[in-house]
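Undergrad: sequence first, predicted coordinates after that:
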Amino acid sequence: MTATDAAPAVKVLLVDDQELVRTGLRGILRSRFGFEIVGELDSGAGIVDAVTQLAPDVVIMDVRMPLVDGVQATRLLRDLPDAPPVLVLTTFEDEEILAGALRAGAAGFLLKGVPAEDLQRAVRAVAAGDSWLDPAVTGRVLSAYREGPTPTLPGPEADVLTPREREVLALIGQGLSNTEIAERLTLGEGTIKTHVGHIFAKLDLRDRSAAVVFAFDHGLVQPGGSR
């Protein structure tokens, strides 16, 4: 897979305390594939300054790090204007930690050890404003998310949506991007973006991760559903 000449490189900030992991990520997210590593940190400490100075499109964040862990670092970024999306990458199938990252505002999570192409797709997806939740642990993570200190609050029911909006929300819940949803429904991507905007407004959802949680909570998609 090579980047097209017209597509700008996705700028990535790596935050992981293991040099070996960062080296592997640099190999996967090379310029020939359409990425640019603009900086690296071995802790969440200094994340605000790094993001302000380097302006990455995506932050790839480990969760277990010294000084400032990934959940704390993600929370620090949440209040920044135009903060980049955070993709949590971890070896730990710890649903409580990953749920904490979602509550802190992460755009998604991915387990280390996934194929390189999946990581590349996930980075592109969150850079485009989509969410990416690893289906291997999504069901357990969402259960922990709902039971945590900031559980999903009661809100409008799905019946406020049109049939087409419910269909789009179900596909968001499966982790599909706007482009993939447009292809699935044979509609224009602009039309899908309009539907997504209406869904967020009607359901008072802040982002796609919240939309995924809503879709699971209201039975529009089941844990383990494929992309």
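TA: Cool, got the structure.
Undergrad: rest of the way, CA atoms for contacts and neighbours
TA: OK.
Undergrad: low-scoring stretches of the chain, by residue?
TA: For the chain, the stretches flagged by pLDDT under 70 are 1-6, 139, 143-156, 222-227.
Undergrad: give me the domain ranges for the protein.
TA: 10-147, 158-217 (automatic domain parsing).
Undergrad: helices and strands around the longest helix seen in the chain, which ones?
TA: As assigned by DSSP state H, the longest helix anywhere in the chain is helix 189-203. Here helix 189-203 touches helix 163-173, helix 178-185, going by 3 or more C-alpha pairs under 8 Å, 6 or more residues apart in numbering; DSSP states H and E.
Undergrad: residues contacting the longest one, please?
TA: Spelled out, that is helix 163-173. 158, 181, 192, 195-196, 198-199, 208, 211-213, 215-216, 220-221 (C-alpha atoms under 8 Å, 6 or more residues apart in numbering).
Undergrad: and the angle for it with helix 178-185?
TA: Per axes from the mean of the first three to the mean of the last three C-alpha atoms, to 10 degrees, the angle that helix 163-173 makes with helix 178-185 is 130 degrees.
Undergrad: hey, which of the helices and strands packed on helix 189-203 is tucked in deepest?
TA: Of the helices and strands packed on helix 189-203, the one with the most neighbours on average (mean count of other C-alpha atoms under 10 Å) is helix 163-173, at a mean of 21.
Undergrad: got the angle for that helix vs helix 189-203?
TA: Relative orientation of helix 163-173 versus helix 189-203 (the same axes, to 10 degrees): 90 degrees.
Undergrad: how deep is Met65 tucked in, by neighbour count?
TA: 18 (other C-alpha atoms under 10 Å).
Undergrad: my guess is it contacts Val71. True?
TA: No. Met65 is not in contact with Val71 according to C-alpha atoms under 8 Å; the separation is 9.7 Å.
Undergrad: which residues of this protein fall in strands?
TA: With DSSP state E, the ranges of strands along the chain come out as 10-15, 35-41, 58-61, 86-90, 108-111, 132-133.
Undergrad: would TSV of the ones you listed with mean neighbour count and distance to Val126 be doable?
TA: Formatted as TSV, those follow (neighbours: other C-alpha atoms under 10 Å; distance: least, C-alpha to C-alpha, whole Å):
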stretch	mean neighbour count	distance to Val126
strand 10-15	23	10
strand 35-41	18	13
strand 58-61	27	7
strand 86-90	26	7
strand 108-111	24	8
strand 132-133	28	7
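Undergrad: okay if I get the ones you listed as a markdown table plus distance to Val141?
TA: What follows is the strands of the chain, written out as a markdown table (distance: least, C-alpha to C-alpha, whole Å):
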| stretch | distance to Val141 |
| --- | --- |
| strand 10-15 | 22 |
| strand 35-41 | 26 |
| strand 58-61 | 17 |
| strand 86-90 | 13 |
| strand 108-111 | 10 |
| strand 132-133 | 9 |
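Undergrad: between these, which one is nearest to Arg121?
TA: Set against Arg121 and scored by C-alpha to C-alpha, the strands of the chain come closest in strand 132-133, at 9.1 Å.
Undergrad: pairing partners for the closest one, with directions?
TA: strand 108-111 (parallel) (DSSP bridges).
Undergrad: chain center to the strand it pairs with: distance?
TA: 7 Å (C-alpha atoms, centre = their mean, to the nearest Å).
Undergrad: just the C-alphas of that strand, formatted as CSV.
TA: Only the C-alpha atoms of strand 108-111 are listed here, as CSV (Å, rounded to 0.1, in the frame of the first residue of the first chain):
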residue,chain,number,x,y,z
GLY,A,108,-10.5,4.5,20.0
PHE,A,109,-8.3,1.6,21.0
LEU,A,110,-6.3,-1.1,19.3
LEU,A,111,-4.4,-4.0,20.8
